[in-house]
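Trainee: sequence-free structure coming up:
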C-alpha cells in the first residue's frame, strides 16, 4: 500500500489521532506526513479509516 497526502490537507490532525504510528502533523510544512507504511492488518485498517474520515479527502491509497 502506498499512502499519498495531497496539498488539500487542512492539518486537522484526525489521521494522526487515528493512526499515530503512520501519520504525524508537520507544523513547519502545515500538512500531515506519512512516517512509514503500515506493517500489520490493524495498521492497514487504521490507515483506511483515516482516509475515509479525512474531511478534505487528502489521503489517497494505492496498491
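Mentor: Thanks, I have it. Keep in mind that what you see is a predicted model, and the values were worked out from it rather than measured. Numbering: from 1, shown residues only.

Trainee: quick one: secondary structure of residue 52?
Mentor: Three-state call for residue 52 (DSSP: H, G, I helix; E, B strand; the rest coil): helix.

Trainee: so what's the residue count around it?
Mentor: 11 (other C-beta atoms under 10 Å). Backbone N, C-alpha and C define where each C-beta goes, glycine included.

Trainee: and if you look at the one 10 residues further on?
Mentor: For residue 62, the number of neighbouring residues by other C-beta under 10 Å comes to 7.

Trainee: in this structure it contacts residue 1, no?
Mentor: Yes: the pair residue 62 / residue 1 is scored as a contact, 7.2 Å apart, by C-beta atoms under 8 Å.

Trainee: show me the strands in this protein, by range?
Mentor: 2-5, 23-26, 31-34, 59-62 (DSSP state E).

Trainee: wait, which of these is closest to residue 44?
Mentor: Ranking these by proximity to residue 44 (C-beta to C-beta) places strand 59-62 first, at 9.3 Å.

Trainee: counting by contacts, list what that closest one packs against.
Mentor: strand 2-5, helix 41-53 (3 or more C-beta pairs under 8 Å, 6 or more residues apart in numbering; DSSP states H and E).

Trainee: roughly how far is that strand from the heart of the chain?
Mentor: Distance, stretch centre to chain centre, for strand 59-62: 9 Å (C-alpha atoms, centre = their mean, to the nearest Å).
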